[in-house]
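*Asks:* Quick one, what's the 3D model for this:
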Amino acid sequence: MNEIYTSITVSIIAISVIFLVLTVLIFTIKLLVHFVPYVAPPKPAPKPQTAAPATATEEDEHIPAIVAAMASYLSQSPEKVQVVSIQPR
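*Replies:* As a prediction, the model looks like this:
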């Protein structure tokens, strides 16, 4: 019977130590958050556009797709839609 009381006592001591350590960790984290608050890193500056302008071959490839999309949107045949200029935003 003495062994049961000993095992119960050891279990209670172990659980008490676990909760004591968790409580100390919680208060340590709260203390650190209070004294060392989180500061978001600054947003990176936008990169300047250094891309070279589209070459004639790239524009030649894009124009049929633009014409087809505009014709579909306007419910007209592609022959009736004419793209005069393309300006990137």
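
*Asks:* Can you find the helix or strand in the chain with the smallest mean pLDDT?
*Replies:* Of all the helices and strands that make up the chain, the one with the lowest confidence by mean pLDDT, DSSP states H and E is helix 56-74; it has a mean of 80.

*Asks:* Now do that helix: everything it contacts.
*Replies:* Judged by CB atoms under 8 Å, 6 or more residues apart in numbering, the contacts made with helix 56-74 from elsewhere in the structure are 54, 77, 78, 80, 81, 82, 83, 86. Yep, even glycine has a C-beta here, placed from its N, CA and C like the rest.

*Asks:* Which residue is the nearest non-sequential neighbour of the second one?
*Replies:* The shortest distance from residue 77 to any non-neighbouring residue, by CB to CB, 6 or more residues apart in numbering, is to residue 71 (6.3 Å).

*Asks:* same check, this time on the third one
*Replies:* Of all residues beyond its chain neighbours, the one nearest residue 78 is residue 71 (4.3 Å), with distances taken as CB to CB, 6+ apart.

*Asks:* Neighbours of that neighbour, how many?
*Replies:* 15 (other CB atoms under 10 Å).

*Asks:* Would you tell me which helix is longest in the protein?
*Replies:* The helix spanning the most residues in the chain, taking DSSP state H as the definition, is helix 2-35.
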